[in-house]
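Q: Pasting the sequence and the predicted coordinates here, then a few questions.
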There are 2 protein chains.
Amino acid sequence: MKLASLKHGRDGQLVVVSRDLTRAVRVPQIAATLQQAIEDWDTLAPRLEAVYAELNAGRADEAFDLDMSALHSPLPRSYHWADGSAYLNHVQLVRQARGAEMPETFWTDPLMYQGGGDSFLAPTEDIEAVSEEHGIDLEGEIAVITDDVPMAVTPEQAAGHIKLIMLVNDVSLRGLIPGELAKGFGFFQAKPASSFSPIAVTPDELGDAWRDGRVHRPLTVHLNGETFGEPEAGPDMIFNFPQLVAHAARTRRLEAGAIIGSGTVSNPGKDGGPGKPIAEGGVGYSCLAEVRMVEKILHGEMKTPFLRFGDRVRIEMFDREGNSLFGAIDQKVVPYSAA
Amino acid sequence: MKLASLKHGRDGQLVVVSRDLTRAVRVPQIAATLQQAIEDWDTLAPRLEAVYAELNAGRADEAFDLDMSALHSPLPRSYHWADGSAYLNHVQLVRQARGAEMPETFWTDPLMYQGGGDSFLAPTEDIEAVSEEHGIDLEGEIAVITDDVPMAVTPEQAAGHIKLIMLVNDVSLRGLIPGELAKGFGFFQAKPASSFSPIAVTPDELGDAWRDGRVHRPLTVHLNGETFGEPEAGPDMIFNFPQLVAHAARTRRLEAGAIIGSGTVSNPGKDGGPGKPIAEGGVGYSCLAEVRMVEKILHGEMKTPFLRFGDRVRIEMFDREGNSLFGAIDQKVVPYSAA
C-alpha cells in the first residue's frame, strides 16, 4: 500500500496512492491524517488496503490525478524523529579525513541523534538557509514509521512495529557541526528541517527488496540534473531498521508516528577503499561531505563545494523495472527571507 | 491564566484551572486540547481568559473540584522538546569534578539538546526504569511553551512567542551519559521520557517574578519527603528564555507547542564556590549529580546515591504567600515491567 498527505492544515490530508503513483483518493471516512491512521493502524490499515486494491483496479470512483507538488511529507510533523548513522562507511570516511580512529564499539552500538519533528519541509519545498557559509549539505537516507513501540523491545519485536518506509533528505549545515559537537550535546542548529519522499509505502510493496530489515535498492541522487550517486542501500547498512528501532526504544517507549532514519546511504569502493564518483565508475554519494572527504583523502584537498543558493537536489529510488517507488524529493536551496 | 490537560486519549482534554488550583472547567467549545489552543493562540487565548475570570469569580457553572492525579502533563506530547542548560553553575560543577575546563564560549553560546517529544509522563506517573545501574536522576527545571516561531528570530522577537510556563522533571540516566557523549551525537538513551508540572500558566500569572525572561522564584525539590533543594531560578540563569528560544530557532522555525527548557536550576554558594546542601545552610540542589559532584570536590568521593526503586521525587514552586503556582510533579521510581 502507498500513502501520502495532501498539503492541508498542519498535518495534511491522508490519501491512498496508486502503485504507479499516478492516481490518488481521499479517505476521510477512514482517517483524516496519516498520524491518525498510524495511531490506530491495526484497525485502519486493512480498510486502507481495501481502498488501495480498488484504486489499483481502476474502481475508485473519487480518484483523481496525483500532482506531486500538492503533497507534503507523509507526516508533515512527528512527535519523534530520530536518525541513526548505520552506514559506517560514511562515519569512517568522515573520521579518516580528520585523522581520527573509529571506536570499535561503533560496530556494535548504533549512532543515533534526536531531531526536531516539527515543521518538516514538503518534498518539493525550497530549502531555506540563512547563509551559504553554514555549509549546506543534503543527506539521502531511508526512514521507517512505527506504530506504538514498548520500552526495551528486542530487535525481533521491533520489526513488527515497522509499518511504513520512505526516503529522507536530512539537510545538514556542515559548517555548524564541528562547533556543536565540540560542545558535547550533539547536533541542534546543524540539523534544520528535514524533508521526506512524497509517498510512504508498506514494506510488502518492496517485495524481496525488503529483507533482513533493510531496503536492497540503490538510492538515486541528482545534483542540478546530473547523477551524483546511486549507492546501494542494503549491503552496507551495519544496523538494520529493527535494530535501530530497538536502540531508540531502549529506555523509553516510542509513540505511533515515530520516524527512525538510516543515516546517509554510503558504500565503500569495490577495493574496500573510499568509494569513487559516478564519473570514475563508482556509485557516487548521497551527501557532499563524503565526496569532499574522498577528495581530501585521495588528493589532499576538498574541491566540491557545499550547496549554493539556486542548487537543486533530487532523491528517489526505483524498482528493478525503473518505476519510482516513493516519488522524488526535489528541492532547491534558497536564501531565507523573513515572512 | 492557568491551564491543564485531563488524562484523555493521546493529547488530553484541555481544562482551565482556577488560580488557587482547586477548581477546573472543561472548554470543548473553545479547544479540545492544549495543542489545539496553542496553534490558534491569538484567537483562543482571550476566550480562555474569559472562562478563567468566571472560574475565579465562582461563576463557572460546569466547574468541578480538581484532582491532580487526573491530570497529564499540559502537553502530553510535543512536536519539539528542546532543553537548554542555562545554569552554567551546573555545567561548571559537572566539569570541575572531572578536571575539565569550561570553554569561554559557553558564556555566549547556549548549550541545548533535542529531546524526544512523544510519550511524556504524567506529573504523578511512576518513572519506569530498566535498571538502577543506569544512574537514575531527576533534573528540576522550568520550561516555556511557544506558539509558531519564525526562523532566525531575535531574542527580542522570541520573547513575544512565549505563551505558557511550567516545570519539568528532565529524568536523566547518568550512567549512560558518558558513553553516549563520547560517541559525539549527544544524549539519546540517557534522556528517557520527561514529565511536566500539572499546570501551565501564562507569564502574567507570575507577576513581577517573571522579568528579564526568567522566573524569579525558588524551585522546591523534595526527595522522599525531605527538602533537597530550593535553588533560586532567576539570578543564575545565564541565558534567559527569549535567548533560548532564539537559539532553538536559529536555523529552523518552531511550530506551535514547542517546549524549550531551562536546564537544571542551580546556584553557586554565597562564596562563589560549590553550593551547600540544605542541612549545611545552603539552598541545596535540583539534581543528584550536582550534590555528588560537590561531595567529590569537597570530600574526594561521591556519597549520595542516584535514585533507587521506590524513591519519590517532588518538584514544585510557590509564590511569596506559599501558594503552589504550577501544582507538583510527584513521582515514584519503579522497575520497568513489560505490559
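A: Perfect, I can see it now.
Q: Next up, the contacts around residue A:165.
A: A:142-145, A:200-203, A:205-206, A:210, A:215, A:326 (C-beta atoms under 8 Å, 6 or more residues apart in numbering or on different chains). Where you see a C-beta, it was placed from the backbone N, CA and C, and this is true even at glycine.
Q: what is residue A:166 paired to in the beta sheet?
A: On the basis of DSSP bridges, residue A:166 is bridged to residue A:143.
Q: Could you double-check that it lies in contact with residue A:202?
A: No. Taking contacts as C-beta atoms under 8 Å, residue A:166 lies outside contact range of residue A:202: 10.9 Å.
Q: okay if I get the contacts of residue A:165 as a markdown table plus secondary structure?
A: Listed next are these as a markdown table, based on DSSP: H, G, I helix; E, B strand; the rest coil:
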| residue | secondary structure |
| --- | --- |
| A:142 | strand |
| A:143 | strand |
| A:144 | strand |
| A:145 | strand |
| A:200 | strand |
| A:201 | strand |
| A:202 | coil |
| A:203 | helix |
| A:205 | helix |
| A:206 | helix |
| A:210 | strand |
| A:215 | strand |
| A:326 | coil |
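Q: from the residues you listed, which is closest to chain B?
A: The shortest approach to chain B among the contacts of residue A:165 belongs to residue A:145, at 12.5 Å (C-beta to the nearest C-beta).
Q: Give me the neighbour count for that closest one.
A: 25 (other C-beta atoms under 10 Å in any protein chain shown).
Q: Spit out the contact partners of the residue nearest to it when sequence neighbours are not counted.
A: Excluding its sequence neighbours, the residue lying closest to residue A:145 (C-beta to C-beta, 6 or more residues apart in numbering or on different chains) is residue A:164, at 4.1 Å. Shown in contact with residue A:164 (C-beta under 8 Å, 6+ apart): A:3, A:38, A:74, A:144-145, A:200-202.
Q: Residue A:164 should be in a helix, yeah?
A: No. Read with three-state DSSP, residue A:164 is strand and lies in no helix.
Q: which parts of the stretch 151-300 of chain A sit against chain B?
A: Residues of the stretch 151-300 of chain A found near chain B (C-beta under 8 Å from any C-beta of the partner chain) are A:151-152, A:173, A:176, A:179, A:181-190, A:192-193, A:247-248, A:250-255, A:257-258.
Q: Which of those fall in strands?
A: Residues of those located in strands (DSSP state E): residue A:173.
Q: farthest residue from the center of chain A?
A: residue A:61 (32.5 Å; C-alpha atoms, centre = their mean).
Q: Torsion angles phi and psi at it?
A: The phi and psi values for residue A:61, taken as degrees, to the nearest 10, are phi -60, psi -40.
Q: separation between it and residue A:51?
A: 11 Å (C-beta to C-beta, to the nearest Å).
Q: Where in chain A is the helix or strand with the lowest mean pLDDT?
A: None of the helices or strands of chain A scores lower by mean pLDDT, DSSP states H and E than helix A:88-97, at a mean of 84.
Q: tell me what that one is packed against?
A: Under the contact definition 3 or more C-beta pairs under 8 Å, 6 or more residues apart in numbering or on different chains; DSSP states H and E, helix A:88-97 sits against helix A:288-299.
Q: Which elements pack onto the helix it packs on?
A: Judged by 3+ C-beta pairs under 8 Å, 6+ apart, the packing partners of helix A:288-299 are helix A:88-97.
Q: can you list the weak-confidence ranges in the stretch 51-200 of chain A?
A: Along the stretch 51-200 of chain A, segments meeting pLDDT under 70 span A:97-98.
Q: Got the phi and psi for the residue in it that chain B sits nearest to?
A: Nearest residue of the stretch 51-200 of chain A to chain B (C-beta to the nearest C-beta) works out as residue A:186 at 1.8 Å. With angles defined as degrees, to the nearest 10, residue A:186 sits at phi 90, psi -170.
Q: tally of neighbours for it?
A: Residues near residue A:186, counting by other C-beta under 10 Å: 23.
Q: Excluding chain neighbours, give the residue nearest to it in space.
A: Among residues not flanking residue A:186 along the chain, residue B:186 sits closest, at 1.8 Å (C-beta to C-beta, 6+ apart).
Q: Could you verify my assumption that that neighbour touches residue A:114?
A: Yes. Here residue B:186 lies in contact with residue A:114, judged by C-beta under 8 Å, at a distance of 7.4 Å.
Q: shared neighbours of these two, which are they?
A: Common contacts of residue B:186 and residue A:114 (C-beta under 8 Å, 6+ apart): A:186, B:113-114.
Q: Just name the closest of those residues to residue A:125, please.
A: Of all the shared contacts of residue B:186 and residue A:114, residue B:114 has the smallest distance to residue A:125: 21.4 Å, by C-beta to C-beta.
Q: For the nearest residue to the closest one once chain neighbours are set aside, list each beta-bridge partner.
A: Nearest residue to residue B:114 in three dimensions, chain neighbours excluded: residue A:114, at 4.4 Å (C-beta to C-beta, 6+ apart). Per DSSP bridges, the residues bridged to residue A:114 are residue A:82.
Q: OK, contacts around residue A:114?
A: Counting by C-beta under 8 Å, 6+ apart, residue A:114 touches A:81-82, A:186, B:113-116, B:186-188.
Q: Send over the least confident helix or strand of chain A as PDB, restricted to the C-alpha atoms.
A: Extracted in PDB, the C-alpha atoms of helix A:88-97 (Å, rounded to 0.1, in the frame of the first residue of the first chain):
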ATOM      1  CA  LEU A  88      29.600   3.100   9.000                       C
ATOM      2  CA  ASN A  89      31.500   3.700   5.700                       C
ATOM      3  CA  HIS A  90      30.100   7.200   5.900                       C
ATOM      4  CA  VAL A  91      31.200   7.500   9.600                       C
ATOM      5  CA  GLN A  92      34.700   6.000   8.900                       C
ATOM      6  CA  LEU A  93      35.300   8.400   5.900                       C
ATOM      7  CA  VAL A  94      34.400  11.500   7.900                       C
ATOM      8  CA  ARG A  95      36.700  10.400  10.700                       C
ATOM      9  CA  GLN A  96      39.500   9.200   8.400                       C
ATOM     10  CA  ALA A  97      39.600  12.600   6.800                       C
END
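Q: Perfect, that will be all.
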